[in-house]
Each structure stands twice: as C-alpha cells, then as structure tokens.
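Undergrad: build the 3D model from these lines:
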Amino acid sequence: MAENVPFLDIVDLNVHYGGIHALRNINLQIAKGEIASVIGANGAGKSTLLKTIGSVKAFTSGSIKINGAEIPRQSYQVVKAGVTLVPEGRRIFGPLSVKENLLLGAYSKSDTEQIDRTMEEVFTLFPVLRDRAKQPGGTLSGGEQQMLAIGRALMSEPQLLLLDEPSLGLAPLIIDLVLDTIVKLNEETGLTILLVEQNASLALEISDHSFVLETGEIKIRGRGIDLLDDPRVKESYLGLSAA
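TA: Have a look, this model is predicted:
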C-alpha cells in the first residue's frame, strides 16, 4: 500500500433511513495506527457512521475503503476483512459464559491454537475475564461487560476497531480503565481505532485526529489536542465558555 493512501478512506458517503438523510457527504480519512474519534450531539449520526463502516447499515452513495480496497457489503465479510465493531450497549450474550462469548468473536477463525493464543492475550489485557471465564456474561458488572465486548472484538484479530460509546453507563474509575486500555492497545499493538464517545474531552485527549459531526455532516476536524482548545468545541461539547 502506498504511504499516502489512508488506512480508512471514506469519500462522499451518504446514508438514508427511508426519507431521512442521516449522513451527508462524509469525507473522513484515518492513517494506520491512529486513534481517531467522532464527537457530536445525540442524533448527529455517530453510531450510524460506525454501523455503516461495519456494513451493519447500507449506504446510499459514496465509498468506504480499508487498506485501499472497497469494504465488503456484508458484515461477516467485513470482520474477515479486519474490521470489528463493539456496538453501543455492549450486546453480549447474557446466558453464555464469558469464554463462550469470546469464542463467538473468533467465529471467522479456524486455527484453534491461534484462537487459544488470542484468548490468552485478552485474558492478559483483562484479568477479570479470566477469573470470570465460566460465569454467565449477563451476571458481570457494566464495566466487566464492556471489557468482554472489547475482548470479543479482539478475538477476530482486527486491523480496525470501531468502538461505539464504550464509556456509556460506566462509573468514572471504570471509564478511565477502559480508555486507558484503548490507548494501551493502540500503543502496544498499533491497532487502528475509530471511537465514538459521549465524553468529548476524554475522546479528544486520547485521539490523534477528531471529527465533529452535526446533523449528519462533519463540521469541524483536526487534531484532538487542537480541538480541545477550539472555541466552538469548548462551548458546544465541553461545557466551557468560548471566552
């Protein structure tokens, strides 16, 4: 792949829900190994964007490329192509054990030894999941379920991890732990991450690049650290006076 080709390249993307134009002419590029974030108000289209990249939602026009190749239109093919979504609300399978939930994340893999190695990496990243391996996923705390959802996604060995509101409903200490883990994954493995996060300040702090989505359009873009000081972002999303 040429160095100037973005790892994730979205060009003129449009998405509709019936007569509702949910995403309008989205242009978004992320380099390999970056953490990027999308912030915005509820209903701005953030989750729709992640679902569209993951082929959970079909798009009307435009293109999405990963590593220079058009993204598959079926979600299971997207996982095989190296893109995995951790959905909002975690969506774990409550009756299944922690280990069974993790194994579901590896459904596209056939090498049992590699699956075991990847599971060991997940247990190293989240030791509490090792302790709860035989416990039903639905009995875990909210923070533990979020760890399980991320761990399940990692079982597919993604190149691009899509995270939809990973801090939603979690206690502050657990939020810090989850976001620290995201940074650790990026720094230690080079995993490319696209994050949608309600806590705008935390998202901007850990992001190489960030995008502000308003009513389906990207209105502001830049380095995360720069957007922390942008008066428009301060006033609208950080609860700070523009002055």
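Undergrad: residue boundaries of the helices in this structure?
TA: With DSSP state H as the criterion, the chain has helices at 46-53, 75-80, 98-105, 112-125, 127-131, 142-154, 172-189, 200-206, 224-227, 231-237.
Undergrad: can you say which of those is nearest to R91?
TA: helix 142-154 (6.9 Å; C-beta to C-beta). For every residue, glycine as well, the C-beta is placed using N, CA and C.
Undergrad: flag every buried residue along stretch 136-150.
TA: Residues of stretch 136-150 classed as buried by neighbour count (16 or more other C-beta atoms under 10 Å): 136-137, 140, 143-150.
Undergrad: and stretch 207-215, by the same measure?
TA: 207-213.
Undergrad: okay if I get the helices of the chain as a markdown table plus mean pLDDT and distance to I20?
TA: Shown next, in a markdown table, are the helices of the chain (pLDDT from 0 to 100; distance: least, C-beta to C-beta, whole Å):
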| stretch | mean pLDDT | distance to I20 |
| --- | --- | --- |
| helix 46-53 | 95 | 10 |
| helix 75-80 | 86 | 22 |
| helix 98-105 | 94 | 32 |
| helix 112-125 | 93 | 38 |
| helix 127-131 | 94 | 39 |
| helix 142-154 | 93 | 28 |
| helix 172-189 | 90 | 31 |
| helix 200-206 | 92 | 25 |
| helix 224-227 | 92 | 27 |
| helix 231-237 | 85 | 23 |
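Undergrad: nearest to T60, out of those?
TA: Once those are compared by C-beta to C-beta, helix 46-53 is nearest, at 9.8 Å.
Undergrad: dump the helices of the chain into a markdown table; add distance to D12 as well.
TA: Formatted as a markdown table, these follow (distance: least, C-beta to C-beta, whole Å):
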| stretch | distance to D12 |
| --- | --- |
| helix 46-53 | 13 |
| helix 75-80 | 20 |
| helix 98-105 | 32 |
| helix 112-125 | 36 |
| helix 127-131 | 41 |
| helix 142-154 | 28 |
| helix 172-189 | 28 |
| helix 200-206 | 25 |
| helix 224-227 | 23 |
| helix 231-237 | 24 |
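Undergrad: burial check on the nearest residue in space to T215 that is not next to it in sequence, number of neighbours?
TA: Once flanking residues are discounted, T215 sits nearest to A44: 6.3 Å by C-beta to C-beta, 6 or more residues apart in numbering. Around A44 there are 22 other residues, counting by other C-beta atoms under 10 Å.
Undergrad: from V38, how far out is A44?
TA: From A44 across to V38, the span is 9 Å (C-beta to C-beta, to the nearest Å).
Undergrad: what does D116 give?
TA: 35 Å.
Undergrad: ok, now R24?
TA: When R24 is compared with V38 (using C-beta to C-beta), they lie 14 Å apart.
Undergrad: got it, and V122?
TA: 26 Å.
Undergrad: repeat for L50
TA: 8 Å.
Undergrad: identify the contacts common to those two.
TA: 194, 196 (C-beta atoms under 8 Å, 6 or more residues apart in numbering).
Undergrad: residue contacts, G169?
TA: By C-beta under 8 Å, 6+ apart, the neighbours of G169 are G142.
Undergrad: picking that back up, between R24 and V38, who's got more neighbours?
TA: Using other C-beta under 10 Å as the criterion, R24 and V38 rank with V38 on top: 25 against 15.
Undergrad: quick one: pLDDT of that one?
TA: For V38, the model assigns a pLDDT of 96.
Undergrad: that one bridge partners, please.
TA: V196, F211 (DSSP bridges).
Undergrad: please save the CA atoms from stretch 39-50 in CSV.
TA: What follows is stretch 39-50 as a C-alpha-only set of coordinates in CSV (Å, rounded to 0.1, in the frame of the first residue of the first chain):
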residue,chain,number,x,y,z
ILE,A,39,-18.0,13.5,18.7
GLY,A,40,-21.3,15.3,18.4
ALA,A,41,-24.8,15.6,20.0
ASN,A,42,-27.2,12.7,20.3
GLY,A,43,-28.8,12.1,16.9
ALA,A,44,-25.9,13.6,14.9
GLY,A,45,-25.3,10.3,13.1
LYS,A,46,-22.2,9.0,15.0
SER,A,47,-23.5,5.4,15.6
THR,A,48,-24.8,5.3,12.0
LEU,A,49,-21.3,6.1,10.8
LEU,A,50,-19.8,3.2,12.7
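Undergrad: done for today, thanks.
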